[in-house]
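J.: Next input, structure requested:
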Amino acid sequence: MTTSPHALQTQTLAVEGMTCASCVARVEKTLKSMPGVRSANVNLATEKVVLSYDTSQTDLNRLAKAVDGIGYKLVLPAPAGGRTAVPEANDPHREAYKLVLRELVISAAFAVPVMLVSMVAMTDWFMAWSPLTMDEINKLLFLATSVVMVAGGKRFFVSAATLARHGGVDMNTLVAVGTGTAYAYSTVAVLFPQWLGITDASSHIYFDTAAVIITLILLGRTLEARAKSKTTDAIRALAGMQAKIARVRRNGVEQEIPAAEVVHGDTVIIKPGERIPVDGVILSGWTTVDESMVTGESMPVERREGHKVIGGTVNGNGVIEIRATAVGAETVLAQIVRLVEEAQGSKAPIQTFVDKVASVFVPIVIAIAAATFVLWLTVGSAPLTTAMINAIAVLIIACPCALGLATPTAIIVGTGLGARRGILIRNIEALERMKTVTTVLLDKTGTMTEGRPVVGEIVALNGMDESRLLRLAASLENRSEHPLAKAIVKKAEERGIALAHVDQAEASPGLGISGMVEGLRVAVGNVAYLKDRGVDLGAAPAVVDGMTQRGQTPVLVAVNDRLAGVFALEDQIKPTSAEAIRALKEMGLKVVMVTGDRSDVARNLGKELGIDEVHAEVLPAGKSALVQALKRNGERVAMVGDGVNDAPALASADVAVAMGSGTDVAMETADITLMNSDMRSIVQVVRLSQKTLATIRQNLFWAFLYNVIGIPVAAFGLLNPILAAGAMALSSVSVVSNSLRLRSAKI
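T.: Residues are numbered from 1 along each chain as shown. All right, here's what the predicted structure looks like:
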């Protein structure tokens, strides 16, 4: 059966009850087994699942019921009630942190005395001074430990019991079995010693083991929850950029309304220092706008009538009025937040192996613990208590928390760092592929150059004054919409030259324009246009040839059919292009330029920027063919373009990088989107890929090494369960902390 694309839906939902990599594997396996589910990527660090499913075959209620059936909870979205599409700036880990901190404080208040009393109760001097008998002390230890088991250990036992009812096991099972065994055995030894055939319970109680293990694991959970909160700083900062109030003019009346109620076409007034509530086009006013949180540009940018502005950015020193063009889910900010969330919920290919291990990890650990217990009793001829303690140590040391956090925490921090630099990563797979790229294929216009022509040189001829030449040409070109015409007009504006009145203007598309300016017949265009009008070009060919050889575009001006001058127009190289290309080459990457521009222009630009391989006069389909040819030669290709004309090449590349800004960039089609036009961002993408993947590998190495070493040590009786609990807690914190180092990484 063919699925209609309209029936597919992708949503990000919270999942409650997960604690380790085994939980992730179990939830994913269950969701993927459901009819209609196309993909399910569960993230332990965010405690969310990115779910893609066919609405014609299933619905969220069925999926939630399936997840509930294995002991977890899929949190369904609340009914839509408002237009805002940017999530509130809250932290999903904050409440969890407060809860586990409260449990930790209560547990520690009782566990510390239990541990201290257990240490000294066996000494002669303590019993000599104690007003209590050993039996009474043991019963007090039982009561204090019971408080810890209920107040602090409840979460482990409830989760383990829930999973057990559904035939599942996870980290909570290991903790519950380990501490529960120590607590139950000690309780029987104190309250019913005859059942064990003992007369002195003192050498058979392990209340301190149970209480301290629970407390140490809660300590690890507390530190972990606090660290997790820091990993989501970037997405929280983006969400916090949303303006709450908008000032609109409707029917001539100015009023303040919630930003979520702004509709298309509304006139919105923004005063100095205020956040721009929606995307729009400036109708009137001039200002500077701080777009740093969206584009990564540190300096405010100038914005005036006709310019686009992005919702969530901060207005500078001018009052502007804008027409709302995008609201709610359409705004650039909403799209950025959604893309960052999707990237943080995506799964790196390197995680596949981890998932396979996690799916069988806990059952294997339980089997190892059981074997440890039996072998110590039989082969080792050890007492029951020794076998039990060693088995408990195996259970506690093997909790796969660090394994489950190794990859997602690095992804969250890495994608968050990218977002703060104006780098939007669509999925982590693209970032992983970026690390293997060998060739960077760069489009010219708009990527290495500004993408808009400017007047680079003015050559006045036959006695014409340069300023007068510019006035006549700009006045006439003001009637044209051609980019070259706009460049000449802008040059006149920069010099403060007032434009004259024009009569009888007549344009020939692609060639030039003519008309009467101040009583003079003025014609502006290329060589062919002026020749057709009978203009004597005189010295123009030499001037034109020189400009062409330098990669410039000549525009000729004639006054009363006599050549008056030539403008040299050029697409300026971005100030950072040379630096970025040099950095890419220093990384060992091959840099290739591809453009539809003339060969002479492309060669000159390539020579100036230090690019050895240049492909010019290439159509969009040819760019895609070039990508395919490079790949056939064994190259891994990253294509960098504007996301519009370069769409075929972007689709063919191993990694597609769209460069642009705001609403002009094709965020939906590129693997990676650069929200600014700085070429150095490409270098940052490569470095971000290297650092994020290095962090993931470091995390996985230590997580696996920890278990590979820890489990045998515990099984051989060389590790006390309390030390195992401390090591297990620290392993999770160390993985998250290592990922957090990415926040301050230089890219």
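J.: for the record, mean pLDDT for stretch 550-560?
T.: Stretch 550-560 shows a mean pLDDT of 84.
J.: One more: stretch 386-397?
T.: 88.
J.: Could you give the separation of that stretch from the chain centroid?
T.: From the chain centre to the centre of stretch 386-397 is a distance of 41 Å (CA atoms, centre = their mean, to the nearest Å).
J.: just stretch 162-182 next, same as before
T.: 35 Å.
J.: In that stretch, which residues are buried?
T.: 162-163, 168-182 (16 or more other CB atoms under 10 Å). (Each C-beta comes from the backbone N, C-alpha and C, glycine too.)
J.: Can I get it in CSV? Just the C-alpha atoms.
T.: Taking C-alpha atoms only, stretch 162-182 is exported to CSV below (Å, rounded to 0.1, in the frame of the first residue of the first chain):
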residue,chain,number,x,y,z
THR,A,162,6.3,-1.6,36.7
LEU,A,163,8.7,-2.9,34.2
ALA,A,164,8.7,-6.4,35.8
ARG,A,165,4.9,-6.6,35.3
HIS,A,166,5.5,-6.0,31.6
GLY,A,167,8.4,-8.4,31.4
GLY,A,168,11.1,-5.7,31.2
VAL,A,169,14.3,-4.8,33.1
ASP,A,170,16.4,-1.6,33.2
MET,A,171,18.8,0.3,35.4
ASN,A,172,16.1,0.6,38.1
THR,A,173,15.9,-3.2,38.2
LEU,A,174,19.7,-3.4,38.9
VAL,A,175,19.5,-0.9,41.7
ALA,A,176,16.3,-2.3,43.2
VAL,A,177,17.5,-5.9,43.2
GLY,A,178,20.9,-4.9,44.6
THR,A,179,19.8,-2.6,47.4
GLY,A,180,16.6,-4.6,48.0
THR,A,181,18.6,-7.8,48.6
ALA,A,182,20.9,-6.1,51.1
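J.: Quick one, grab the pLDDT at the closest residue to Val332 other than its chain neighbours.
T.: Nearest residue to Val332, sequence neighbours excluded (CB to CB, 6 or more residues apart in numbering): Ile310, at 4.9 Å. We have a pLDDT of 86 for Ile310.
J.: where exactly do the helices run in the stretch 201-350 of the chain?
T.: Along the stretch 201-350 of the chain, counting by DSSP state H, counting those that start in this stretch, helices occupy 207-231, 233-239, 292-295, 332-345.
J.: which ones among the buried residues of stretch 162-182 are found in helices?
T.: Using DSSP state H, the subset of the buried residues of stretch 162-182 located in helices is 162-163, 171-182.
J.: And those residues, which is closest to Leu140?
T.: Distance to Leu140 across these (CB to CB) is lowest for Ala182, with 17.3 Å.
J.: what about that closest one, distance to Ile270?
T.: 64 Å (CB to CB, to the nearest Å).
J.: Val592 belongs to a strand?
T.: Yes: looking at Val592 with DSSP: H, G, I helix; E, B strand; the rest coil, it is inside a strand.
J.: where does the closest residue to it other than its chain neighbours sit relative to Pro77, distance-wise?
T.: Nearest in space to Val592, with sequence neighbours left out and distances taken as CB to CB, 6+ apart, is Glu613 at 4.5 Å. Distance, Glu613 to Pro77, by CB to CB: 50 Å.
J.: the more surrounded of the two?
T.: More neighbours surround Glu613 than the other of Glu613 and Pro77, with 13 against 10 (other CB atoms under 10 Å).
J.: Next, the contact list for that one, please.
T.: Going by CB atoms under 8 Å, 6 or more residues apart in numbering, Glu613 touches 590-593, 606.
J.: which of these lies closest to Asp135?
T.: Lys590 (79.6 Å).
J.: pretty sure the closest one is in contact with Leu441, am I right?
T.: No: between Lys590 and Leu441 there is no contact under CB atoms under 8 Å: 9.2 Å.
J.: the more surrounded of the two?
T.: Leu441 (28 against 17).
J.: and the gap between Ile282 and Glu321?
T.: 7 Å.
J.: And Val686, by the same measure?
T.: Counting by CB to CB, the separation of Val686 from Glu321 is 42 Å.
J.: Likewise for Leu424?
T.: Counting by CB to CB, the gap from Leu424 to Glu321 is 29 Å.
J.: for stretch 280-287, which positions count as buried?
T.: 280, 282, 285, 287.
J.: got the contact list for the third one?
T.: Applying CB under 8 Å, 6+ apart to Gly285 gives the contacts 304-305, 318-321.
J.: Tell me which stretches of the stretch 1-150 of the chain form strands.
T.: Per DSSP state E, counting those that start in this stretch, the stretch 1-150 of the chain carries strands over the ranges 8-16, 37-43, 48-54, 73-75.
J.: looking at those, which is closest to Pro453?
T.: strand 8-16 (41.5 Å).
J.: For the closest one, output the C-alpha coordinates as PDB.
T.: This file holds the C-alpha atoms of strand 8-16, laid out as PDB (Å, rounded to 0.1, in the frame of the first residue of the first chain):
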ATOM      1  CA  LEU A   8       2.800  11.300   7.500                       C
ATOM      2  CA  GLN A   9       3.300  13.400  10.600                       C
ATOM      3  CA  THR A  10       6.400  14.100  12.700                       C
ATOM      4  CA  GLN A  11       6.100  15.100  16.300                       C
ATOM      5  CA  THR A  12       8.500  15.500  19.300                       C
ATOM      6  CA  LEU A  13       7.000  14.100  22.500                       C
ATOM      7  CA  ALA A  14       8.200  13.700  26.000                       C
ATOM      8  CA  VAL A  15       8.700  10.200  27.400                       C
ATOM      9  CA  GLU A  16       8.500   9.700  31.200                       C
END
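J.: if you skip the residues just before and after it, what's nearest to Glu608?
T.: Closest residue to Glu608 in three dimensions, ignoring its sequence neighbours and counting by CB to CB, 6+ apart: Ile573, at 6.9 Å.
J.: follow-up on the earlier one: confidence score at the residue nearest to Val592?
T.: Predicted confidence (pLDDT) for Glu613: 90.
J.: sorry, back to before: got TSV for the strands of the stretch 1-150 of the chain, with mean pLDDT and distance to Leu730 too?
T.: What follows is the strands of the stretch 1-150 of the chain, written out as TSV (pLDDT from 0 to 100; distance: least, CB to CB, whole Å):
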stretch	mean pLDDT	distance to Leu730
strand 8-16	85	25
strand 37-43	87	23
strand 48-54	88	26
strand 73-75	89	29
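J.: Buried ones in stretch 406-423, by neighbour count?
T.: 406-423.
J.: Tell me which residues touch Gln684, please.
T.: Gln684 touches 418, 421, 423, 747, counting by CB under 8 Å, 6+ apart.
J.: okay, those residues in TSV with secondary structure next?
T.: Formatted as TSV, the contacts of Gln684 follow (three-state DSSP):
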residue	secondary structure
Gly418	helix
Arg421	coil
Ile423	strand
Ile747	coil
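J.: Of those residues, just say which sits nearest to Asp597.
T.: Ile423 (27.1 Å).
J.: which of Leu424 and Glu321 has more neighbours?
T.: Neighbour comparison, Leu424 and Glu321: the larger count goes to Leu424, with 23 against 17 (by other CB under 10 Å).
J.: packing partners for the host helix or strand of the more buried one?
T.: If you go by DSSP states H and E, Leu424 is part of strand 423-425. With contacts defined as 3 or more CB pairs under 8 Å, 6 or more residues apart in numbering; DSSP states H and E, the packing partners of strand 423-425 are helix 332-345, helix 401-420, strand 672-674, helix 680-715.
J.: Okay, now the unreliable bits of the stretch 201-350 of the chain?
T.: Along the stretch 201-350 of the chain, segments meeting pLDDT under 70 span 201-204, 227-239, 292-299, 339, 341-348, 350.
J.: ok, now how distant is the nearest residue to Val248 once chain neighbours are set aside from Ala334?
T.: Using CB to CB, 6+ apart and skipping residues adjacent in sequence, the residue nearest Val248 is Asp266, 4.8 Å away. Look at Asp266 and Ala334: by CB to CB, they are 17 Å apart.
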